[in-house]
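Engineer: structure, please.
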Amino acid sequence: QVQLVESGGGLVQAGGSLRLSCTASVRTFSSYDMGWFRQAPGKEREFVASIRWSGANTYSPDSMKGRFTTSRDNAKNTIYLHMNSLIPEDTDVYYCAASDDGWGSPWKYWGQGTQLTVSS
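Structural biologist: Residues are numbered from 1 along each chain as shown. The predicted structure follows:
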């Protein structure tokens, strides 16, 4: 079982930046592809970014490119979501996810989320 703990959320003014972290409690963290998602109450979960186990490849939807990037530090069992030029519409609960079933496979493990609020 993999436990994921997100941190770094909070209140940020529009136009600001923030970095979220997700730390995994697993010995083989470098075997896991990781992803970021976000969800607001009453809305569907939205994909934000993903990163391969090696860190060599990342992916994000066009709507996120240029503002959101992800990176990882396998020595720290941690991935990061770097967010810039934040807007109020980015207010959501942000979740990280993990899978070791191969790139593109369904996400197996989820964190509890961290709240980001962007004020106008």
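Engineer: state the pLDDT value of the most centrally placed residue in the chain.
Structural biologist: The centre of the chain sits closest to residue 36, judged by C-alpha atoms, centre = their mean, with a distance of 2.7 Å. Here the pLDDT value assigned to residue 36 is 98.
Engineer: give the contact list for it.
Structural biologist: By C-beta atoms under 8 Å, 6 or more residues apart in numbering, the contact set of residue 36 is 20, 22, 47-50, 68, 70, 79, 81, 94-97. (Glycine included, C-beta is placed from N, CA and C.)
Engineer: for the helix or strand of the chain with the lowest mean pLDDT, which strands pair with it and how are they oriented?
Structural biologist: Confidence across the helices and strands of the chain bottoms out at strand 58-59, with a mean of 94, counting by mean pLDDT, DSSP states H and E. Strand pairing for strand 58-59, using DSSP bridges, gives strand 46-51 (antiparallel).
Engineer: count the residues that sit near residue 58.
Structural biologist: 14 (other C-beta atoms under 10 Å).
Engineer: partners of it in the sheet?
Structural biologist: Bridge pairing for residue 58 - DSSP bridges - gives residue 51.
Engineer: for residue 86, see how far away it is.
Structural biologist: As judged by C-beta to C-beta, to the nearest Å, residue 58 and residue 86 stand 19 Å apart.
Engineer: what comes into contact with the least confident helix or strand of the chain?
Structural biologist: With C-beta under 8 Å, 6+ apart, strand 58-59 has contacts from 49, 50, 51, 52, 69, 70, 71.
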